[in-house]
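K.L.:
I'll drop the sequence and a predicted model, then ask my questions.
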Amino acid sequence: MGSQPWTVTSCRGANPLGWFYAAETYATNTLKLDLSQYNHRVIIMPKLHQTFQEEGCDWAGISTTGPINPEPTRPANYKYSYTWLAGDTWENPWLWFHELGHAQWLHHANTPELEYGDIGSAMGGARGFGLRCYNPPQVRAAGGRAGRRDEDVSGVALGVGA
């Protein structure tokens, strides 16, 4: 899985991936779990993680945009998306919706003037705006379809991971 050196005192560079590799190694080698069935992997950071990390690590969550290659020695091995949620905010549904949107290849909902500027989208401004849906182009990009307001969706089955 990964063998690069990492530290818990920095959220920069390969350190966040190092945390995942350590957790994956523990889960597979010690707990004997089969992680191959999980394409989207989430790690919840300790509460107040920013107090023992350098300045600039005060995020609510970060995520890879789509699956990444966790094994550079194996080209085209893009398997998993990785998401990190702060222990202080992980219980907020808006945060999961936003970060796992990145796992589905979604980028921030920007306006010409501002990153995160489309506050009507889950991929726009996050903190303080509550849970929102993705905007129609993002729904389409994630493989869904933007329904009409009068469309009957009562027969649509939504499963875990849908």
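P.N.:
Received it, and whenever you're ready, just let me know what you need.
K.L.:
what residues are up against the closest residue to residue 20 other than its chain neighbours?
P.N.:
Leaving aside its sequence neighbours, residue 20 sits nearest to residue 82 (C-beta to C-beta, 6 or more residues apart in numbering; 5.4 Å). Just so you know, the C-beta spots here come from the backbone N, C-alpha and C atoms, and that holds for glycine as well. By C-beta atoms under 8 Å, 6 or more residues apart in numbering, the contact list for residue 82 reads 16-17, 20, 41-43, 63-64, 68.
K.L.:
any chance you could map the strands in the chain?
P.N.:
Per DSSP state E, the chain carries strands over the ranges 40-44, 61-63, 81-85.
K.L.:
May I see those organised as a markdown table, with mean pLDDT and distance to residue 31 added?
P.N.:
Output for these, formatted as a markdown table (pLDDT from 0 to 100; distance: least, C-beta to C-beta, whole Å):
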| stretch | mean pLDDT | distance to residue 31 |
| --- | --- | --- |
| strand 40-44 | 90 | 15 |
| strand 61-63 | 89 | 24 |
| strand 81-85 | 90 | 19 |
